[in-house]
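Q: need a 3D model of the sequence below.
(chains A and B)
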Amino acid sequence: MTTTLRTGTASAVSAPEAGARRRGGVNLTFLAIELKRLLRNRRTVIFTLVMPPMFFLIFGTAGSYRTTSAGHGNVTAYVMISMALYGAMLATTSGGAMVSVERAQGWSRQLRLTPLRPSVYVAIKVAVAMALGLASVVVVYLVGLAEGAHADLGVWIVTGLVAWLGSIVFAAFGLFMGYLLPAENVMQILGPVLAVLSFAGGLFVPLGDGVFATIGKVTPLYGLAELVRAPLVGDGVTLASVANVVLWAAVFGAGAVWRFRHDTARV
Amino acid sequence: MTTTVPTPIRSTTTDRAIDLRGLTKSFGAVRAVDGLDLQVEAGEVLAFLGPNGAGKTTTIDLVLGFARPDSGTVSVFGLAPRDAIAAGKVSAVLQTGGLLKDLTVAETVLLTASLFSTSRPVDEVLERAGIAAIRDRRVGSCSGGEQQRLRFALALLPDPDLLILDEPTTGMDVEGRREFWSAIRADAARGRTIVFATHYLEEADAYADRVVLVRHGRVVADGSSAQVKNLAAGRVVSARLLGARPEQLAAVPGVDRAEVRGDRVLLQTGDSDAVARYLLTETEAADLEIGGLGLEDAFIALTSDRVGAPPGGTSTAHSTATTTTGSI
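A: Purely as a prediction, here's the structure:
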């Protein structure tokens, strides 16, 4: 029979009860309550489910757009895809930033009294944000379907999936920014930032040529917007846009992990 | 990380609810916890008493694994803090914040319950915390006392063997405090180990079996509530007496503590008549005064700085004779 003896380490000898930790806190109740919270938040619903389709109706449904080709579909579909990405990006950014908002409220301290691991908590927040992002894409596409967007069926599916899955880069952005600007109203700062990035990345209006276009091409939304619209435009994928997405994903991802590690060292 | 050696299990060590040894924790230049030792046995109701900034909250953070000590060891029922929490052995009612305002009371409990592999039923903890009637209210519209009882309900979910309360009644009105403590008292009767930090003396006195006074991150007194009261009970006899040494004075029959301050001696005693008679008949003492000493005075004296207090004026409530503090 042996027993462990405490030595001069920071924490005592442990014999963790595996059962309590096995699930690490992932469960449907948690997910359901988190989703309910999102839908209860009027501002979130307006920004992610109302504004993107509204922008689409304003910018994308001019008569000439419906009859002008944009590759494998019309220009209305082009604007629709951009707005779907815009909505998904808003959803994931605000979802990521919620982590630091809840930290500022002390909720993460309260959660540390449960078996829930901080990494699992972040994963669930991102998953919930992605669910909202998917809803945003679907709403914009439904409005697009009703309002004259035309494209091949494959284009609808692939662009929708890429817009949705690609927006996870902005969940990392929201996490990172939330940790850097820990305030309960962090989205009031990020909202205008995202609007500027959307213009710079060519999401609202085409970039064209010139100095601003050159600058715009290195901003974080440019690459993702190009990739998402590529199946519609049909010109293939440029190396520049892939590099843009990979680079910014690495920056935001590494930043979020770095701040997260720093943050969980002290609650 | 740890050394494993073949020795018989000593249950006294593993059964301890809390075992803190040589704990230190600094924030920048500030030593929040400075060599703190504390052992809490299972079943105790312990008050962790000290002024703001004494290191109470930091110590609790270390016990809960919210922060890592710079040195020393923390063990909760023989486990590392995170493991003790994961196993549902310890829970806490934290000081402030920590609740989502947009959830209802019941949703908050339901969500927290879902994170444990086993937990008490939601209705049961709402009932025991006395908030079943407000279960559908948004947390943001709950009073401070109601939010605190919600935190208490959350802490009850894993049915912990050890419950830690960090200044649980701060900001509550009298009514809220009474209701909160009646819920806690009912719970303590079930045999749970309870450790609560407070700066209210009367709370420590009314609800704790054992009182630990902390100052500057160290334990300065540790004893039963009665012993701590004795520390403060009695009177102070002071007189002008040149050349007196505290050790000699402390040996005088009836003297609990002695201090020399300039040309005056201050003697704490439960029998002021005898000490006064001794001073006036057996010594050159003059200009004698007898004054009362309340619990409040003892608390302030033990937990605050005084010019002339000996360095590291540590004592236990029941140790007496040669200990000199700046407290009397």
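
Q: got any ranges where the chain has weak pLDDT?
A: Let's take chain A. For chain A, the stretches with pLDDT under 70 are A:1-26, A:182, A:265-267.

Q: chain B was what I was after
A: Within chain B, the ranges that satisfy pLDDT under 70 run B:1-14, B:229-233, B:292-328.

Q: state which one residue of it is found closest to chain A.
A: Here chain B gets closest to chain A at one residue, B:G97, 2.9 Å apart by C-beta to the nearest C-beta. From N, CA and C alone the C-beta is placed, and that goes for glycine too.

Q: how would you label that residue: helix, strand or coil?
A: Following DSSP: H, G, I helix; E, B strand; the rest coil, we place B:G97 in the coil state.

Q: could you check how far it is from B:D37?
A: Using C-beta to C-beta, to the nearest Å, B:G97 is found at 30 Å from B:D37.

Q: follow-up on the earlier one: my guess is the residue of chain B closest to chain A meets A:S108, correct?
A: No - counting by C-beta atoms under 8 Å, B:G97 sits too far from A:S108 to count as a contact (10.2 Å).

Q: these two: which is more packed in?
A: Comparing B:G97 with A:S108 by other C-beta atoms under 10 Å in any protein chain shown, the one with more neighbours is A:S108, at 20 against 13.

Q: need the contact list for the more buried one.
A: A:V99, A:E102, A:P118, A:Y121, A:V267 (C-beta atoms under 8 Å, 6 or more residues apart in numbering or on different chains).

Q: in what helix or strand does it lie?
A: Per DSSP states H and E, A:S108 falls inside helix A:107-111.

Q: again, but for A:V143
A: helix A:118-146.

Q: repeat that for A:A172.
A: Per DSSP H and E, A:A172 falls inside helix A:168-180.

Q: how big is the angle separating that helix from helix A:118-146?
A: Orientation of helix A:168-180 against helix A:118-146 (axes from the mean of the first three to the mean of the last three C-alpha atoms, to 10 degrees) gives an angle of 130 degrees.

Q: buried ones in helix A:168-180?
A: A:I168, A:V169, A:F170, A:A171, A:A172, A:F173, A:G174, A:L175, A:F176, A:M177, A:G178, A:Y179 (16 or more other C-beta atoms under 10 Å in any protein chain shown).

Q: stretch B:112-120 too?
A: For stretch B:112-120, burial by neighbour count (16+ other C-beta under 10 Å) applies to B:T112, B:A113, B:S114, B:L115, B:F116, B:S117, B:S119, B:R120.

Q: and stretch A:255-267, by the same measure?
A: A:G255, A:A256, A:R259, A:F260, A:D263, A:V267.

Q: how far off centre is that stretch?
A: Per C-alpha atoms, centre = their mean, to the nearest Å, the displacement of stretch A:255-267 from the mean C-alpha position of its chain is 19 Å.

Q: which other residues reach that stretch?
A: By C-beta under 8 Å, 6+ apart, the residues outside stretch A:255-267 that reach it are A:96, A:103, A:108-109, A:112, A:118-119, A:122, A:172-173, A:175-176, A:179-180, B:61, B:66-68.

Q: equivalent analysis for stretch A:159-169, please.
A: With C-beta under 8 Å, 6+ apart as the criterion, stretch A:159-169 contacts A:81, A:84-85, A:88-89, A:91-92, A:126, A:130, A:133-134, A:137-138, A:141, A:151, A:220, A:224, A:227-229, A:231-232, A:245, A:248-249, A:252-253.

Q: excluding its backbone neighbours, what's nearest residue 111?
A: Assuming you mean chain A. Of all residues not flanking A:L111 in the chain, A:Y121 sits nearest, at 6.0 Å (C-beta to C-beta, 6 or more residues apart in numbering or on different chains).

Q: switch to chain B, please.
A: That would be A:I33: by C-beta to C-beta, 6+ apart, it lies 4.8 Å from B:L111.

Q: let me see the contact set for that neighbour.
A: B:L103, B:E107, B:L110, B:L111.

Q: so who does A:V237 touch?
A: Residues near A:V237 by C-beta under 8 Å, 6+ apart: A:E226, A:L227, A:A230.

Q: top of those by neighbour count?
A: A:E226 (22 neighbours).

Q: give me the element that residue is part of.
A: Counting by DSSP H and E, A:E226 is part of helix A:220-233.

Q: mind saving the C-alpha coords of that helix as PDB?
A: The C-alpha atoms that make up helix A:220-233 are tabulated as PDB, following Å, rounded to 0.1, in the frame of the first residue of the first chain:
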ATOM      1  CA  PRO A 220      -9.200  40.600 -42.700                       C
ATOM      2  CA  LEU A 221     -12.500  40.400 -44.500                       C
ATOM      3  CA  TYR A 222     -11.200  40.700 -48.000                       C
ATOM      4  CA  GLY A 223      -9.900  37.200 -48.300                       C
ATOM      5  CA  LEU A 224     -12.900  35.500 -46.800                       C
ATOM      6  CA  ALA A 225     -15.300  37.600 -48.900                       C
ATOM      7  CA  GLU A 226     -13.400  36.600 -52.100                       C
ATOM      8  CA  LEU A 227     -13.400  32.900 -51.100                       C
ATOM      9  CA  VAL A 228     -17.100  32.900 -50.200                       C
ATOM     10  CA  ARG A 229     -18.100  34.500 -53.500                       C
ATOM     11  CA  ALA A 230     -15.700  32.500 -55.600                       C
ATOM     12  CA  PRO A 231     -18.200  29.700 -56.500                       C
ATOM     13  CA  LEU A 232     -20.600  32.300 -57.800                       C
ATOM     14  CA  VAL A 233     -18.100  34.500 -59.700                       C
END
